[in-house]
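[1] return a 3D structure for these sequence lines:
(chains A, B and C)
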Amino acid sequence: MPPRRLCRDELPADTVALARYLIGKVLVHDLKQVRVSGRIVETEAYIIGDPSGHAFRGKTRSNRSLFLEHGRAYVYFTYGQFNMMNVTSESPGVGAGVLVRALEPIEGLAVMARRRGTSRLLDLARGPGRLTSALGIDRRRDGLDLCARGPLWLGDFGRPAGAVGRSVRIGLTREQDRPLRFFEKGNPFVSGPKRLRT
DNA sequence: AGTGCGATTGACT
DNA sequence: GTCAATCGCACTA
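    Numbers count the residues shown, from 1 in each chain, chains lettered A, B, ... in the order given. So this is what the prediction gives:
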């Protein structure tokens, strides 16, 4: 069964609620010949006014997509080599988003393996830089409407999330404060240290 | 115009 | 566990 496209009305227009909601949903990228997709198993919320959020210092050319209506893609490039993808999460003009941190590969495994340079299933999309590489998502997809009939979209294929865990966010150099990371408990495709995966 | 660094990854001790 | 790679961009001047 192919996944059903989610419409904007179904997505919570609230960053933390959306981060929780997206666990168990599917991220789909339709390429020319094939479809690549993965089940979202880990997210992080970057809330309104978040000092760790990319919107904190206001709108710029590179982060402007973050200020779009909820349900858009914000794709940014970092460390000179990695793209990372957010789903925007608030009203137009408000800068906030949900970082997609890990996928359980579903469709297009061979394509993912080729893009990633490994056939190890666990390494295909476990991590925010890895999953964009596996699905072929880069800055050219920045700003796309994930709720329109486009090549990059969110779906539901009827396999709901198991128990959802919550923890502090990973990789922040700023102060660790609130538990804004969500993940499917026990899922081997979740990134991070073991103590943050159960 | 120069500088420092990042929501990471992969290789290596 | 540690650490370098790599470059766009925000910030300082």
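[2] interface residues of chain A facing DNA strand B?
    In this structure, chain A approaches DNA strand B at residues A:44, A:46, A:52-55, A:66, A:74, A:78-82, A:84, A:86, A:97, A:99, A:116, A:123, A:127-131, A:169-173, A:191, judged by C-beta under 7 Å from any atom of the strand. Quick note: C-beta positions are derived from backbone N, CA and C, even for glycine.
[3] and those residues near DNA strand C, which?
    When C-beta under 7 Å from any atom of the strand is applied, the members of the residues of chain A next to DNA strand B adjacent to DNA strand C are A:79-81.
[4] what about the residue nearest to A:L31 when sequence neighbours are not counted, how many residues nearby?
    Distances taken as C-beta to C-beta, 6 or more residues apart in numbering place A:G136 nearest to A:L31, at 6.4 Å, with adjacent residues excluded. Each residue near A:G136 was counted by other C-beta atoms under 10 Å, and the total is 18.
[5] enumerate every residue touching A:G136.
    With contacts taken as C-beta atoms under 8 Å, 6 or more residues apart in numbering, A:G136 has the following neighbours: A:29, A:31, A:36, A:111, A:115.
[6] give me the buried subset of the ones next to DNA strand C among the residues of chain A next to DNA strand B.
    With neighbours counted using 16 or more other C-beta atoms under 10 Å, those contain no buried positions.
[7] re earlier: which of the residues of chain A next to DNA strand B fall within strands?
    Secondary structure assignment (DSSP state E) places A:44, A:46, A:74, A:78, A:82, A:84, A:86, A:97, A:99 from these within strands.
[8] ranking those residues by neighbours, who comes first?
    Scoring those on neighbours with other C-beta under 10 Å, the highest-scoring entry is A:G97 at 32 neighbours.
[9] now that residue: how far from A:V36?
    When distances are taken as C-beta to C-beta, to the nearest Å, A:G97 and A:V36 turn out to be 22 Å apart.
[10] same check on A:D50?
    The value you get for A:D50 to A:V36, if C-beta to C-beta is used, is 30 Å.
[11] for A:A161, same thing?
    Using C-beta to C-beta, one gets 21 Å for the distance from A:A161 to A:V36.
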